[in-house]
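> Give me a 3D structure for the following:
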Amino acid sequence: MSLSLTSTTKVHYNRGLLEPIGEELTLTELQVVGAIPPELTGRYFRNGIDPVPEMDPGHAFLCPGMIHGIRLRDGRAEWYRNRYVRTPAFGHKAKLAFDADGNQLHEYAANNTDVKVHAGRILSLSEQTPPYEMSPDLDTVGPWTFGGKLRGNFIAHPKLDPHTGDLHSFGYDMVRPLIDYYVIDAAGELTTDVRFEIEAPTFLHDMALTENYVLVFQTPATYDVRLLDRNPYPIVWNDEHPCRIGLLPRHGSAADIIWLPISPCWIVHTANAYEDAAGHIVVEATRVDAADWDRGWAGLGGLVAHQHTIGPSTELVLEACLYRWTIDPVTYTVREEFVDDRVVEFPAINQHHNTARFRYTYIVGYAGHGRTATSLVKYDHSTGAAQTRDFPPGQVPGEPEFVPAPGAGNEDDGWILSLVTGLDGQPSELAILDAADFTGPAAARIMLPHRVPYGFHGSWIPDSALGIS
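Numbering: from 1, shown residues only. This next block holds a predicted model:
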């Protein structure tokens with residue numbers, strides 16, 4: 001391998017905001033400031049890492065997953081629970097392992113990134129394992145492979161089509177340059193499996209979905225298992241590999257994919273994608289370049305190639321900006337532009353507008369690019385305005401989750417849920433905000449008597465999604 005690589009001994013995932021809690025708790029009758037909207041009947045679950053010091057795997061992505069949950073019903077916060085996602089690797093130092101034929105041995109890996117509900121099942125998601133089903137009380141049920149039809153891995157961020165109830169996803173191989181496109185119907189049956197090849201095994205964390213297309217992102221963030229003896233999670237930014245977006249017709253074959261080059265970046269998290277009146281495909285997502293990749297990846301424990309760019313970082317996430325790609329599928333051209341150049345991550349929308357034109361994006365804003373406060377930001381794409389809700393020093397909001405109000409007439413009729421982590425031992429809280437009155441008083445703050453480590457992704461899971469009346 002021609003890259004000049006360096007590892008880092010200054011890892012950040014086991015201290016500061018990400019410092020683990022290290023124990024499983026059950027708390028009842030939580031303190032509430034304000035009034036919980038009675039329409040919120042269900043569970044808020046959020047996934048993330050909780051490294052065990054004596055079994056530190058050396059990279060954040062291999063740390064045990066822990067889901068933090070808060071149960072809301074009848075205007076009350078009934079309980080808080082946090083439970084580890086118990087894959088077979090739990091209680092051991094997790095790793096990436098492969099057999100002699102290059103097949104990944106999933107039982108050695110951790111699951112720690114996202115949590116979704118589909119077909120009445122609560123799923124913990126992470127690229128290095130199949131989905132893991134969790135009970136409504138956060139006990140680990142076990143892997144869910146759609147009746148054994150899943151070929152291997154399953155990305156952390158599948159996309160739900162709100163019109164059909166189908167879940168669209170990719171799986172990929174860490175050794176061979178292969179990607180599988182899956183469709184799982186509303187009943188949980190895997191109905192589509194299309195395999196295709198790419199240039200190199202790529203770190204495919206998210207995807208995009210429109211009315212007629214599935215979009216796959218191939219970037220310079222690639223796997224090279226030859227690096228396993230130097231770093232336990234062998235992803236590195238390699239400038240020799242192309243950066244491009246692939247357009248796969250929803251009902252097409254591997255031969256139908258159209259590849260379009262874009263400027264080098266890693267596409268982290270998709271807010272949404274849709275087809276406009278002219279037939280152009282518009283994708284909005286967070287994007288990092290090589291320098292910002294290196295700063296963030298080093299903090300997670302990874303190998304980096306551009307050593308001279310290592311410098312100050314938020315030490316929380318890869319420093320991303322909100323970005324837009326507009327694709328013409330007829331002329332095969334792509335227009336690129338920043339939505340905003342501030343440091344942001346974890347975009348969210350009203351999921352009823354998945355695959356369709358949308359007005360609002362909600363996102364976390366971090367210190368950097370001239371800003372010093374952490375915040376939640378609401379972008380209005382119709383007016384170009386951005387509302388910023390700053391948080392007090394020592395309070396860092398997590399990923400916003402939009403929950404639509406019953407019978408909502410406007411796109412922002414509903415609530416934003418964000419699990420707020422405290423610095424320096426301060427306790428945490430679940431903030432419930434009126435999305436239409438974004439900078440106004442919080443509807444409710446559910447106060448926890450302890451700090452919850454900063455994490456990755458979560459979901460609001462209404463009782464109706466679990467068949468609970």
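> count of residues packed around the closest residue in space to Y323 that isn't next to it in sequence?
Excluding the flanking residues, the one nearest Y323 by Cβ to Cβ, 6 or more residues apart in numbering is R287, at 4.0 Å. Just so you know, the C-beta spots here come from the backbone N, C-alpha and C atoms, and that holds for glycine as well. If you count neighbours by other Cβ atoms under 10 Å, R287 ends up with 24.
> show me the contacts for R287.
C265, W266, I267, V268, A320, C321, L322, Y323 (Cβ atoms under 8 Å, 6 or more residues apart in numbering).
> Show me which helix or strand of this structure is least confident by mean pLDDT.
Across the helices and strands of the chain, mean confidence by mean pLDDT, DSSP states H and E is lowest for helix 290-299: a mean of 82.
> where does the stretch 351-469 of the chain dip in pLDDT?
Within the stretch 351-469 of the chain, the stretches with pLDDT under 70 are 370.
> since we're on T164, how many residues are nearby?
12.
> what does the one 4 residues further on give?
When counting by other Cβ under 10 Å, one arrives at 20 neighbours for H168.
> Packing partners of the helix or strand where it lies?
Assigned by DSSP states H and E, H168 belongs to strand 167-172. If you count contacts as 3 or more Cβ pairs under 8 Å, 6 or more residues apart in numbering; DSSP states H and E, strand 167-172 packs onto strand 159-160, strand 178-184.
> Turn those strands into CSV, including distance to I70.
Output for the helices and strands packed on strand 167-172, formatted as CSV (distance: least, Cβ to Cβ, whole Å):
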stretch, distance to I70
strand 159-160, 22
strand 178-184, 27
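> Minimum distance to L40: which of these has it?
Nearest to L40, of all these, is strand 159-160, at 20.0 Å by Cβ to Cβ.
> follow-up on the earlier one: got the contact list for whichever helix or strand comes after the least confident helix or strand of the chain?
Downstream of helix 290-299, the next assigned helix or strand under DSSP H and E is strand 320-328. With contacts defined as Cβ under 8 Å, 6+ apart, strand 320-328 is touched by 245, 247, 260, 262, 265, 268-269, 271, 279-288, 292, 333-345, 347, 361, 363, 379.
> Name the residues of strand 320-328 that are buried.
Buried residues in strand 320-328, defined by neighbour count with 16 or more other Cβ atoms under 10 Å: A320, C321, L322, Y323, R324, W325, T326, I327.
> Equivalent analysis for stretch 272-288, please.
Buried residues in stretch 272-288, defined by neighbour count with 16+ other Cβ under 10 Å: 272-275, 280-288.
> hmm, back to that, what are the pairing partners of the strand holding H168, and which direction each?
Strands that pair with strand 167-172, judged by DSSP bridges, come out as strand 159-160 (antiparallel), strand 178-184 (antiparallel).
> Now render these as JSON lines, adding mean pLDDT, distance to A373 and mean neighbour count.
Formatted as JSON lines, those follow (pLDDT from 0 to 100; distance: least, Cβ to Cβ, whole Å; neighbours: other Cβ atoms under 10 Å):
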{"stretch": "strand 159-160", "mean pLDDT": "98", "distance to A373": "32", "mean neighbour count": "22"}
{"stretch": "strand 178-184", "mean pLDDT": "97", "distance to A373": "39", "mean neighbour count": "21"}
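> returning to that earlier point: nearest to N153, out of the helices and strands packed on strand 167-172?
The nearest among these, by Cβ to Cβ, is strand 178-184 at 8.7 Å.
> ok, residues contacting the following helix or strand past the closest one?
Scanning forward in sequence from strand 178-184 by DSSP H and E, the next helix or strand is strand 190-197. Outside strand 190-197, the residues that touch it by Cβ under 8 Å, 6+ apart are 146-147, 149-151, 166, 177-185, 248, 252-254, 257.
> in its sheet, what does strand 190-197 sit against?
Strand pairing for strand 190-197, using DSSP bridges, gives strand 178-184 (antiparallel).
> so how far is T331 from P242?
Plainly put, P242 is 19 Å away from T331 if you go by Cβ to Cβ, to the nearest Å.
> which of the two has more neighbours?
Between P242 and T331, counting by other Cβ under 10 Å, P242 is the more crowded of the two (16 against 8).
> Quick check, the more buried one in contact with F217.
No - in this structure, P242 is not within contact of F217 by Cβ atoms under 8 Å, at 11.4 Å.
> thinking again about what came up before, and the contacts of strand 320-328, which are buried?
Listed as buried from these are 245, 247, 260, 262, 265, 268-269, 271, 280-288, 292, 334, 339-340, 342-345, 347, 361, 363, 379; burial here means 16+ other Cβ under 10 Å.
> Could you pick out which of those are located in strands?
Applying DSSP state E to the buried ones among the contacts of strand 320-328, the entries found in strands are 245, 247, 260, 268-269, 271, 281-288, 334, 339-340, 342-345, 347, 361, 363, 379.
> Count the residues that sit near the closest residue to V52 other than its chain neighbours.
Closest residue in space to V52, ignoring its immediate chain neighbours: P64 at 6.4 Å, by Cβ to Cβ, 6+ apart. Using other Cβ under 10 Å, the number of residues around P64 comes to 23.
> ditto for R445
Using other Cβ under 10 Å, R445 has 17 neighbouring residues.
> and if you look at the one 3 residues further on?
For L448, the neighbour count with other Cβ under 10 Å is 22.
> what do you get for the one 3 residues further on?
For R451, the tally of surrounding residues (other Cβ under 10 Å) stands at 17.
> Is it located within a strand, as I assumed?
No - R451 sits outside any strand when classified using DSSP: H, G, I helix; E, B strand; the rest coil, being coil.
> What separation is there between the closest residue to G422 other than its chain neighbours and V85?
Spatial nearest neighbour of G422, excluding adjacent residues (Cβ to Cβ, 6+ apart): R451 at 5.1 Å. Between R451 and V85 the distance, using Cβ to Cβ, works out to 20 Å.
> And for D289?
Note on D289: its distance to V85, by Cβ to Cβ, is 32 Å.
> between these two, who's got more neighbours?
Neighbours per residue, other Cβ under 10 Å: of D289 and V85, the larger number sits with V85, 25 against 18.
> Could you report the pLDDT at the more buried one?
If you check V85, the pLDDT there is 98.
> per-residue pLDDT, the spatially closest residue to it that is not a sequence neighbour?
Nearest non-adjacent residue to V85, counting by Cβ to Cβ, 6+ apart: G65, 3.8 Å away. On pLDDT, G65 comes in at 97.
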